[in-house]
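**Student:** Mind folding the following:
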Amino acid sequence: MLNVAIVGASGYTGLELIRLLDRHPGVVISCVTSEQSAGKRISEIFPTLRGRCDLILEPLDPAAITAKADLIFTALPHQAAMKVVPDFLAAGKKVVDLSADYRLHDPAVYGAWYEPHLNPELLPEAIFGLPELRRESIKQARLVANPGCYPTSVILGLKPLLENGLIDITTIIADSKSGTSGAGRSAKVDSLYCEVNDSFKAYGVGGAHRHTPEIEQELSELAGKLVTITFTPHLVPMDRGILSTIYATPTRTVTTDELVALYADTYKDEPFVRPLAKGQFPATAFVRGSNFCDIGITLDSRANRIVVVSAIDNLVKGASGQAIQNMNLISGFSETAGLEGLAIFP
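**Tutor:** Predicted coordinates for the structure are as follows:
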């Protein structure tokens with residue numbers, strides 16, 4: 001059995017890790033940490049775990065954690081993760097980091113969007129953990145940078161088009177909507193009930209959202225040239241889920257039938273990407289609680305625009321489910337272990 005620790009277990013991504021790992025046949029959760037709730041049982045924080053995971057939350061002590069775990073999930077805010085990840089690696093442990101700290105290859109880019117990086121020497125070896133792009137590299141990694149939720153939905157939505165040179169890369173617009181759990185569990189005015197209920201708003205408008213460089217980095221690698229996009233996220237009054245609608249101009253004459261066939265062929269062997277049939281488009285309700293990414297595509301022939309719609313659960317394929325998918329690849333488990341569950345509907 002693989003002993004795993006969850007550092008930062010009292011947030012929503014920590015809860016999702018526990019929920020999903022509870023049904024993993026090859027894993028034991030040996031340690032959970034929380035600075036604010038140390039000394040309490042995790043089931044006191046999340047009553048859904050009663051009788052299934054009653055571990056006592058511990059303070060963040062790298063030496064104590066590495067003594068108990070073979071692999072460590074760091075579900076911490078950016079900057080906090082990079083303060084402890086080097087200690088885990090130095091102890092010979094493998095790490096799947098759910099923060100933004102190791103996603104960007106260039107420390108200068110990270111510094112421009114976040115703060116100065118504390119250990120830029122680790123960036124070259126950190127593997128961006130989108131299995132549909134880097135499966136073989138992930139298998140050999142000791143540090144995986146789990147992708148952000150918005151980037152996952154946009155990158156998977158555009159991968160087939162960019163790999164085949166089918167879109168003008170100067171015309172990409174990504175319009176994404178997320179449930180409120182994407183903002184985390186800590187109290188913020190913008191995520192209070194009265195602020196969110198019966199409302200729908202854009203934020204990070206004008207290329208200001210921190211996921212923008214992550215998206216552009218990965219799209220540029222797929223395209224083989226620098227990609228700059230217009231990305232606008234929105235907050236919608238639902239708990240979880242992301243729906244991204246992506247627009248781009250084709251580089252040649254193309255039909256909807258051709259596009260649908262391309263997506264079906266590109267993702268035919270991917271266990272968690274479900275390309276939809278012609279005329280079908282995803283909804284967040286049909287991926288809720290699952291590790292699936294559903295994708296629909298069409299050509300708006302009147303405007304000569306390709307329209308891609310992708311849906312994920314931001315806490316699963318957009319965070320904890322993908323982290324477990326990466327753990328499975330690193331550890332030699334079946335890639336789908338612990339992640340076979342269908343969406344929760346209705």
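
**Student:** and Pro160, what helix or strand is that in?
**Tutor:** In this structure, Pro160 sits in helix 149-163 according to DSSP states H and E.

**Student:** Which SSE is immediately downstream of that helix?
**Tutor:** Following helix 149-163 in sequence order, the next helix or strand is strand 173-178 (DSSP H and E).

**Student:** Which residues in that next one does the neighbour count mark as buried?
**Tutor:** Neighbour-count burial for strand 173-178 flags Ala174, Asp175, Ser176, Lys177, Ser178 (criterion: 16 or more other C-beta atoms under 10 Å). Quick note: C-beta positions are derived from backbone N, CA and C, even for glycine.

**Student:** Quick check, the last one in contact with Leu315.
**Tutor:** No: because the distance of 10.4 Å does not satisfy C-beta atoms under 8 Å, Ser178 is recorded as not touching Leu315.

**Student:** returning to that earlier point: looking at the buried residues of strand 173-178, which is nearest Pro250?
**Tutor:** Ala174 (16.6 Å; C-beta to C-beta).

**Student:** beta partners of that closest one?
**Tutor:** With DSSP bridges as the criterion, Ala174 is bridged to Phe231, Ile246.

**Student:** distance of it from Leu104?
**Tutor:** Using C-beta to C-beta, to the nearest Å, one gets 18 Å for the distance from Ala174 to Leu104.

**Student:** show me where the protein has strands.
**Tutor:** 2-7, 27-33, 71-74, 94-97, 127-128, 143-145, 173-178, 201-202, 230-235, 242-248, 273-275, 293-300, 305-312 (DSSP state E).

**Student:** Direction included, what does the third one pair against?
**Tutor:** Take DSSP bridges as the rule and strand 71-74 pairs in its sheet with strand 2-7 (parallel), strand 94-97 (parallel).

**Student:** outside of it, which residues touch it?
**Tutor:** 2-8, 17, 65-66, 81, 84-85, 88, 93-99, 323, 327, 330-331 (C-beta atoms under 8 Å, 6 or more residues apart in numbering).

**Student:** So which bits of it are buried?
**Tutor:** Buried, per 16+ other C-beta under 10 Å, within strand 71-74: Leu71, Ile72, Phe73, Thr74.

**Student:** Pipe the buried residues of strand 173-178 into JSON lines and attach pLDDT per row.
**Tutor:** Listed next are those as JSON lines, based on pLDDT from 0 to 100:
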{"residue": "Ala174", "pLDDT": "98"}
{"residue": "Asp175", "pLDDT": "98"}
{"residue": "Ser176", "pLDDT": "98"}
{"residue": "Lys177", "pLDDT": "98"}
{"residue": "Ser178", "pLDDT": "97"}
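
**Student:** Between the residues you listed, which sits nearest Glu216?
**Tutor:** Ala174 (10.4 Å).

**Student:** Stretch 6-20 spans what distance, first to last residue?
**Tutor:** Taking C-alpha to C-alpha, to the nearest Å, the first and last residues of stretch 6-20 lie 12 Å apart.

**Student:** With stretch 291-308 instead?
**Tutor:** With C-alpha to C-alpha, one end of stretch 291-308 sits 19 Å from the other.

**Student:** again, but for stretch 247-260
**Tutor:** Across stretch 247-260, the terminal residues are separated by 15 Å (C-alpha to C-alpha).

**Student:** for the record, mean pLDDT for that stretch?
**Tutor:** Mean per-residue pLDDT for stretch 247-260: 98.

**Student:** ok, now stretch 152-172?
**Tutor:** Mean pLDDT, stretch 152-172: 98.

**Student:** mind saving the C-alpha coords of it as PDB?
**Tutor:** Coordinates of each C-alpha in stretch 152-172 appear next as PDB, following Å, rounded to 0.1, in the frame of the first residue of the first chain:
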ATOM      1  CA  THR A 152      -7.400  22.200 -17.800                       C
ATOM      2  CA  SER A 153     -10.800  23.100 -19.400                       C
ATOM      3  CA  VAL A 154      -9.200  25.400 -22.000                       C
ATOM      4  CA  ILE A 155      -6.100  23.300 -22.900                       C
ATOM      5  CA  LEU A 156      -8.100  20.100 -23.400                       C
ATOM      6  CA  GLY A 157     -10.600  22.000 -25.400                       C
ATOM      7  CA  LEU A 158      -8.000  23.400 -27.800                       C
ATOM      8  CA  LYS A 159      -5.400  20.600 -28.000                       C
ATOM      9  CA  PRO A 160      -6.700  18.900 -31.200                       C
ATOM     10  CA  LEU A 161      -7.000  22.200 -33.100                       C
ATOM     11  CA  LEU A 162      -3.600  23.500 -32.200                       C
ATOM     12  CA  GLU A 163      -1.800  20.200 -32.800                       C
ATOM     13  CA  ASN A 164      -3.300  20.100 -36.300                       C
ATOM     14  CA  GLY A 165      -2.800  23.800 -37.100                       C
ATOM     15  CA  LEU A 166      -6.500  24.300 -37.700                       C
ATOM     16  CA  ILE A 167      -7.000  27.700 -36.000                       C
ATOM     17  CA  ASP A 168      -5.500  31.100 -36.300                       C
ATOM     18  CA  ILE A 169      -3.700  31.400 -32.900                       C
ATOM     19  CA  THR A 170      -4.200  35.200 -32.800                       C
ATOM     20  CA  THR A 171      -8.000  34.800 -32.700                       C
ATOM     21  CA  ILE A 172      -8.500  32.600 -29.500                       C
END
